[in-house]
Each structure stands twice: as C-alpha cells, then as structure tokens.
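> Model the following, please.
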Amino acid sequence: MKKLETYKRLIQIALSSICIALQMGIYALFWYGYYSEKMYLKFYFKGHLLMLFVYVILLFFFSQMYGGMRIGYLRSGEVMFSQVFATLCVNAITYLQMCLMVRGFLDIRPMFYMTLSEAAVIVLWTMGSAGIYRRIFSPRNLLLVHGDRPVEDILHKFGTRKDKYHVTKSIHIGMGADVICEEAENGYDGVVLWDIPAQIRNKLYKYCFGVGIRVYIMPKIPDILIKGADQIHLFDTPILLTREYVLSFEQRLAKRIIDFVCALILCILSSPIMLLTALAIKAYDRGPVFYKQVRCTRDMKEFNILKFRSMRVDAEKDGVARLAAKHDDRITPVGRFIRMVRIDELPQLFNILKGEMTFIGPRPERPQIIMQYVEDMPEFIFRTKVKAGLAGYAQVYGKYNTTPYDKLKLDLFYIENYSIWLDIKLMLLTLKILFRPESTEGVDSSQTTALKK
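Residues are numbered from 1 along each chain as shown. Sure, this is the predicted structure:
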C-alpha cells in the first residue's frame, strides 16, 4: 500500500480527467449540434476549440473550488453533489455567455438536457471512481493517542468514514511516551494525536516524523495562531512574527468596497424575494416582519442585527438567550422554510451597507452567549478582532451546531490567513452550503448554546 501512496495523486488526477473529458464531450455534442448554428458569426475549427477550452477551464475551476474532484477525500455523495453543483454553475455561465454572443435569449431546453446528461454521467463516474479508489486504497489503520478528555466524539467522526479510516486502537498518554512510541511502530498506517498536552504531543510528533509515520494532529489555538505568522530572519536565525493588527488598511479598504458594491447589487436583485417573504410572515400571524437582536461585531461593539422573523413573537419570553434547537417548536412554518433556504438572513444586507457587518467573517454572537463561551474558553474573544460576517469559514466548513471550540478554531484560521482571494473563495463556497440541510441543523433541545453539558 505504501508503494501505491506514491501514485495516489496521479490516480486521482486520472479519475478526475475522465470526468472532465466526458463532460466536455457532452458539451461538444450540444455545441456542434445546436448552439453553434445559432451564432451570428460562423465558427471555424479554432473558434470551436476556443469554446471547448473556455468550458473546460470553467469546469476545472468550479470543480476544484467545490470539491467535485476530491475522490477518496470526501464522501461519494458529497463528491457527486459538489460536481453536479459545479456543472450547474458552469452551464449557467456558459448559457449567459452564448446569450451575450447572440444578443438575445437562446432556447434553454438543449442546455437543460445537456445538464441532465452530464448529471447522469457524474453519478456513474462517482460510483465507478469511488469503487476503484476503495479497491486500490484500503482504510488506514490508526492509533489514537488521547488524554483525559472523552474520545467518543472523535471516534464517531472517524467512524463516519470507514472507507478511509479505521481506528484500530486507542491508548492513553498515561502509558508513557516510550510505550506509545513502541506501539506506534506495530504496523499502523498513522497516529492520531488527540487533544493532549503540548509537551508530550511534541515529543510524539517528532518521533513519528523521524521514523516516517503519518501523523494526524488536532490543533490547539496557539497552533492556528502560529500558522498565520510571517517568517522573517534575524541574520541567520529564523523568527515567526504574529502581528497585533489582523487586517492591514489596504485589506480593510478593499473589503469594504467589495462589501458595499455587492450588498447594493444583491439588495436590488433580491428585493422581490424580500417583499414576498415579508408578506408571507405578516399573513401567517400578523406579527412583525423583522426581528432585531443585539449582536457583537469587531472589538465587541454592539449593533442590532436585522433578520426576517422565523420564530413566534414570544419565542424568548423567559428572557433566556438560546440557539435554535433540533425540531424547535418556536419556529413557524414560514420560518422553517426561510431558514432552510437562508432567506431569513437577507435583511443583513442592510447591516453590511451600514458597515456593521461584512460578507465574510465570524458570525456575530449575542453578548450573553459570548460571555458564556468565554467562561469556558477565554480565547473565544479572539473572534472579535475582525468585523462580524454574513457567512464565514466556520459556516462553510462547519455546521450550525458545530461546537464553539471548533468554530473558534475555524474562524481563527480565517483571521490568521486572511486574503481577498480567501474572501472570494468563501463567497463562492457559501452558494454550495445553501443546499446542504445539515448546515442548518439545530443544537440539542437541552442546550441553550452550542456548548454541550
């Protein structure tokens, strides 16, 4: 298996290329058979090649962006969904491109049939590629090294990917570093260092690195902060520099310009949807359309976040601030729908226009909930080093009920590795999570926050 690991990336590229080639072939059939004849200008050989080239480049970009080519890394269902979603985006752009070329709307039915054909190919390709990958690469046998904290949660998460991981044995750090190092060489494909003190973790990591054993490390807060550090040199001594200012003036200016322009455009485009939503909420129970709530943005500055009301008017009549629970009976039928499709968040575009929020950043929390989180993990306050966002890293790679500690690590990764390109990437990825129901899954009914008792 270790020899095959050398060719893993090559095999993944080969499987991905097959999918791209099949989709390109389907597009070529529809382009040559219908759309090329509708163009005002006559296309010759090089023109046809250019159209195919543009389509392939777009398909490759969106497939890479949404994870449609990550065979073996993501679940088969997620690869399938990601690739279909990427194809929908590419076909929508391609249709608009061709409409611009003819200065009018073309018949959309061939594009619809083309998309269905590609979706069928993607389903077959995903099933076949996943089968080939599993046949070549068997699950990794892992040794889990843990401390006193419960390991059920991480074991459950590894258990959801039985095609990729198999935790063969768990061992407590109380056994001692020497015993653990000796155990690690008993034929395991990797070692998981799960939430253990830094001193013994570093010793185990250096040992595994030295003997060539793969290591999976669950990062702590300082690890993420250091990951975003700048590397400098003091003569011949390497130094890692972490800065007190998270975003530079130029980054903040560019971010604000993008926020204002995009929010203004989206406000105009979504105004019919917002009007219909307001009418539906008002018609259901005659209550207020909007819901205002105090949240915190950069430097713990408070502001009133604006949302379409999705719960009963008396949802928090007891005065206790709590997150939405699974099957929460406080959510109205209209509210359940608008939460599912994220329409309830649209009024926050006005918060963005006012400069209280940004498109991408840590989600704003209520002051009371922040204080509860800070009692258990003081580092949670680090999230307020940047402006709160409509969507963020934790929303793209996590869920609504992801634990606060994991959300904190995800948000800090964004803060410490900020770039305009990362913002654009997260904006595009946010489109995908709108169609993932698990991203809106509530916390347990016994919880008032995402902290588990």
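
> ok, the closest residue to Leu264 other than its chain neighbours to Met101 distance?
In space, and not counting its chain neighbours, Leu264 is closest to Leu353: 6.7 Å by C-beta to C-beta, 6 or more residues apart in numbering. To be clear about C-beta, it is placed using only N, CA and C from the backbone, and glycine gets the same treatment. Using C-beta to C-beta, to the nearest Å, Leu353 is found at 35 Å from Met101.

> Show me how the record splits the chain into domains.
Listed domain ranges for the chain are 2-136, 140-218, 249-440 (source: automatic domain parsing).

> residue boundaries of the helices in the stretch 1-150 of the chain?
2-6, 8-33, 45-66, 76-102, 109-136 (DSSP state H, counting those that start in this stretch).

> Among the ones you listed, show me which one is buried the most.
Mean neighbour count (mean count of other C-beta atoms under 10 Å) peaks for helix 76-102 among those, with a mean of 18.

> Provide the contact partners of the helix or strand containing Leu408 at residue level.
Taking DSSP states H and E as the definition, Leu408 sits inside helix 404-416. With contact meaning C-beta atoms under 8 Å, 6 or more residues apart in numbering, helix 404-416 is reached by 219, 221, 224-225, 227-229, 242, 246, 360-362, 373, 376-377, 379-380, 382-383, 385-386, 392-394, 397-398, 402, 422, 426, 449-451.

> And the buried ones among those residues, selectable in PyMOL?
A single PyMOL command selects the buried members of the contacts of helix 404-416 (16 or more other C-beta atoms under 10 Å):
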select buried, resi 221+224+225+228+246+360+361+362+373+379+380+382+383+385+386+392+393+394+397+398+402+426+449+450+451
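
> mind listing which of the contacts of helix 404-416 are in strands?
Counting by DSSP state E, the members of the contacts of helix 404-416 that fall within strands are Ile360.

> just to revisit the earlier point, any chance of JSON lines for the domains of the chain, columns mean pLDDT and distance to Phe235?
Shown next, in JSON lines, are the domains of the chain (pLDDT from 0 to 100; distance: least, C-beta to C-beta, whole Å):
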{"stretch": "domain 2-136", "mean pLDDT": "91", "distance to Phe235": "38"}
{"stretch": "domain 140-218", "mean pLDDT": "93", "distance to Phe235": "26"}
{"stretch": "domain 249-440", "mean pLDDT": "88", "distance to Phe235": "26"}
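
> Could you save the helices of the stretch 1-150 of the chain as TSV and add columns showing distance to Arg201?
Below are the helices of the stretch 1-150 of the chain laid out as TSV (distance: least, C-beta to C-beta, whole Å):
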stretch	distance to Arg201
helix 2-6	25
helix 8-33	27
helix 45-66	33
helix 76-102	30
helix 109-136	31
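
> just so I know, which of these lies nearest Glu345?
Among those, the nearest to Glu345 by C-beta to C-beta is helix 76-102 (19.7 Å).

> and the closest one with helix 109-136, angle?
Interaxial angle, helix 76-102 versus helix 109-136 (axes from the mean of the first three to the mean of the last three C-alpha atoms, to 10 degrees): 150 degrees.

> and helix 76-102, what does it pack onto?
In terms of contacts (3 or more C-beta pairs under 8 Å, 6 or more residues apart in numbering; DSSP states H and E), helix 76-102 is packed against helix 8-33, helix 45-66, helix 109-136, helix 420-433.

> can I get those in TSV with distance to Ala263?
Output for the helices and strands packed on helix 76-102, formatted as TSV (distance: least, C-beta to C-beta, whole Å):
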stretch	distance to Ala263
helix 8-33	34
helix 45-66	22
helix 109-136	30
helix 420-433	12
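
> how about those helices, which one is nearest Val191?
Val191 lies closest, by C-beta to C-beta, to one member of those: helix 8-33, at 19.3 Å.

> any idea of the angle that closest one forms with helix 45-66?
Using the same axes, to 10 degrees: helix 8-33 against helix 45-66 is 130 degrees.

> how about the residue nearest to Phe30 when sequence neighbours are not counted, what does it touch?
In space, Phe30 comes closest to Met114 once its chain neighbours are excluded; the distance is 4.5 Å by C-beta to C-beta, 6+ apart. Shown in contact with Met114 (C-beta under 8 Å, 6+ apart): Ile26, Tyr27, Phe30, Asn91.

> what helices or strands is the lengthiest helix in the chain leaning on?
Counting by DSSP state H, the longest helix found in the chain is helix 249-285. Helix 249-285 is packed against strand 302-308, helix 333-340, helix 348-353, strand 358-360, helix 420-433, with contacts defined by 3+ C-beta pairs under 8 Å, 6+ apart.

> In space, not sequence, find me the middle residue of the protein.
The C-alpha lying nearest the average C-alpha coordinate of the chain belongs to Val396 (C-alpha atoms, centre = their mean; 2.4 Å).

> tell me what the strand or helix carrying Arg201 is packed against?
In this assignment (DSSP H and E), Arg201 forms part of helix 198-211. In terms of contacts (3+ C-beta pairs under 8 Å, 6+ apart), helix 198-211 is packed against helix 177-184, strand 190-194, strand 215-217.

> Pick the most deeply packed of these.
strand 190-194 (a mean of 22).

> Need the CA coordinates for that one. CSV is fine.
What follows is strand 190-194, C-alpha atoms only, in CSV (Å, rounded to 0.1, in the frame of the first residue of the first chain):
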residue,chain,number,x,y,z
GLY,A,190,-0.9,6.6,11.0
VAL,A,191,-1.1,8.1,14.5
VAL,A,192,-3.8,10.5,15.8
LEU,A,193,-2.7,12.9,18.5
TRP,A,194,-6.0,13.9,20.0
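
> Just checking: what are the partner strands of that strand?
With DSSP bridges as the test, strand 190-194 is paired with strand 140-146 (parallel), strand 215-217 (parallel).

> As JSON lines, those with distance to Gly67 would be great.
Putting the strands paired with strand 190-194 into JSON lines (distance: least, C-beta to C-beta, whole Å) gives the following:
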{"stretch": "strand 140-146", "distance to Gly67": "20"}
{"stretch": "strand 215-217", "distance to Gly67": "20"}
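
> from the ones you listed, which stretch is densest packed?
By mean neighbour count, with neighbours taken as mean count of other C-beta under 10 Å, strand 140-146 ranks first of the strands paired with strand 190-194 at a mean of 20.

> got the contact list for the next helix or strand along the chain from that strand?
Going down the chain from strand 140-146, the next helix or strand is helix 152-159, by DSSP H and E. Residues from elsewhere that reach helix 152-159 (C-beta under 8 Å, 6+ apart): Leu142, Leu144, Tyr165, His166, Val167, Ser170, Val192, Trp194, Met218.

> Name the residues of helix 152-159 that are buried.
Ile154, Phe158.

> ok now that helix, how far from the chain's centre?
Chain-centre distance of helix 152-159: 20 Å, with C-alpha atoms, centre = their mean, to the nearest Å.
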